[in-house]
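Engineer: Got a predicted model here, sequence first, then my questions.
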Amino acid sequence: MESNQPIYVICPNRNFAVGGIKQLYKLVDVLNDIGYSAYIIHGKKNFRVTWFENQTPIKYFPSFFALLRKERRKNKSKFPLFLKQLFLGYKMPEKNSIIVFPEVYGPNIHKLAPENKIVIFNQNCYFTFNLFDRVQKDSPYESSNLLGCIVVSDDSQKYLQHAFPNLNVARINLALSDVFQYSGSKKKQIAFMPRKLPEDFNQVHQIVSKRPDFKDWEFVAIENMPELEVAQILKESAIFLSFNHREGFGLPPVEAMACGCYVIGYTGNGGNEYFDDRFNSIISDRDITQFAVELEHIVKTYNNDPNVIIQKGYLASKFALETYNKTNERKDLSIAWKSLLSN
């Protein structure tokens, strides 16, 4: 790789709390930290994500994003592309640059800049084929200009290696943000994220909330909050409910574990590697009765002796912070990127 060869990481122009976008920014930060020249790419000039603190370098290619939008809409745009490019200015990534695409941009990303090498940062393997036709003639995962794919869990690695046997798949551990740290000072508080399977939460909540054991407990929703506020809620909460569903990794339960929460819920497959029955309660996918019964059991245990659950939260935090940290992320990404460049 040339010393000045830019790496451009494509990122949606969305300024609300989405964990995958934060990881795109962090990917750029770590690549720069280990000696590369990386940038987030947005399509809207002067746009920056602000719901978490960052000083990530950004460049803007509106015309390239017009191509992306045209591809995702399967050429249904009513406004001719060449007119958009005249209006936006026809600035495209340098031909020697490496372009990193999230997995959500469809089956023809390798055709948008055919002279560039590309990498796919696949944070959720279950989104891989979302925009593919039933009979897809070719795929970016089998393209000659693909250097390889980065994934964030063992489950995603197995999925993609089975789907594309010749694909170079590099697995990295994500790092938790520094705001997520252990606290043993807990309230009778149960945190959850309402955007994750809200129908499942509603059923569990309706079943348990009027039971006598829950009389002093409060359910607290985490939604569209700055990272610091999320961390504060998790540090105060004794329990976190995981409604992971078909996850590439599923970061919120790990953030909760880092803050000392006892986590109950679904692994979403991606979470199989961090759910451990020594300090979590694993619930079979979409088993509402099992979920309600286990939540009642943990609340009763806490009511009788809070230290039993708080100690399990400490063990969960120790595991999360020792595994998903900046040292491991930096080491993994350094190895992964060298592997991709040698492909």
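Structural biologist: All right, it came through fine. Numbers count the residues shown, from 1 in each chain.
Engineer: Distance of P226 relative to N15?
Structural biologist: 12 Å (C-beta to C-beta, to the nearest Å). From N, CA and C alone the C-beta is placed, and that goes for glycine too.
Engineer: anything in contact with each of those two?
Structural biologist: Shared contacts of P226 and N15 (C-beta atoms under 8 Å, 6 or more residues apart in numbering): W51.
Engineer: Going along the chain, name the strands of the protein.
Structural biologist: 6-10, 37-42, 58-60, 98-102, 117-122, 146-151, 169-171, 187-192, 218-221, 237-243, 262-266, 280-282 (DSSP state E).
Engineer: Can you list the low-confidence ranges for this structure?
Structural biologist: Along the chain, segments meeting pLDDT under 70 span 1-3, 72-90.
Engineer: Pull the contacting residues for the residue lying farthest from the centre of the chain.
Structural biologist: In the chain, counting by C-alpha atoms, centre = their mean, P212 sits farthest out from the average C-alpha position, at 37.0 Å. Applying C-beta under 8 Å, 6+ apart to P212 gives no contacts.
Engineer: do that again at 10 Å, thanks
Structural biologist: Shown in contact with P212 (C-beta atoms under 10 Å, 6 or more residues apart in numbering): 300, 303.
Engineer: State the distance from V263 to V18.
Structural biologist: With the distance defined as C-beta to C-beta, V263 ends up 21 Å from V18.
Engineer: now swap in I283 and tell me
Structural biologist: Here the distance between I283 and V18 works out to 25 Å (C-beta to C-beta).
Engineer: Repeat that for F132.
Structural biologist: With distances taken as C-beta to C-beta, F132 is found 22 Å from V18.
Engineer: these two touch, right, R211 and H297?
Structural biologist: No: with contact defined as C-beta atoms under 10 Å, R211 and H297 do not form a contacting pair (11.6 Å).
Engineer: Format the strands of the chain as JSON lines; extra columns: distance to N328 and mean neighbour count.
Structural biologist: Below are those laid out as JSON lines (distance: least, C-beta to C-beta, whole Å; neighbours: other C-beta atoms under 10 Å):
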{"stretch": "strand 6-10", "distance to N328": "20", "mean neighbour count": "22"}
{"stretch": "strand 37-42", "distance to N328": "19", "mean neighbour count": "21"}
{"stretch": "strand 58-60", "distance to N328": "26", "mean neighbour count": "17"}
{"stretch": "strand 98-102", "distance to N328": "20", "mean neighbour count": "22"}
{"stretch": "strand 117-122", "distance to N328": "17", "mean neighbour count": "24"}
{"stretch": "strand 146-151", "distance to N328": "14", "mean neighbour count": "24"}
{"stretch": "strand 169-171", "distance to N328": "12", "mean neighbour count": "20"}
{"stretch": "strand 187-192", "distance to N328": "26", "mean neighbour count": "20"}
{"stretch": "strand 218-221", "distance to N328": "30", "mean neighbour count": "14"}
{"stretch": "strand 237-243", "distance to N328": "22", "mean neighbour count": "26"}
{"stretch": "strand 262-266", "distance to N328": "20", "mean neighbour count": "27"}
{"stretch": "strand 280-282", "distance to N328": "20", "mean neighbour count": "21"}
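Engineer: how about these in a markdown table, adding distance to V204?
Structural biologist: Listed next are the strands of the chain as a markdown table, based on distance: least, C-beta to C-beta, whole Å:
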| stretch | distance to V204 |
| --- | --- |
| strand 6-10 | 37 |
| strand 37-42 | 38 |
| strand 58-60 | 41 |
| strand 98-102 | 31 |
| strand 117-122 | 31 |
| strand 146-151 | 31 |
| strand 169-171 | 33 |
| strand 187-192 | 9 |
| strand 218-221 | 10 |
| strand 237-243 | 7 |
| strand 262-266 | 9 |
| strand 280-282 | 12 |
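Engineer: Out of those, which gets nearest to S339?
Structural biologist: strand 169-171 (5.3 Å; C-beta to C-beta).
Engineer: Point out the other helices and strands that that closest one packs with.
Structural biologist: strand 117-122, strand 146-151, helix 154-163, helix 326-341 (3 or more C-beta pairs under 10 Å, 6 or more residues apart in numbering; DSSP states H and E).
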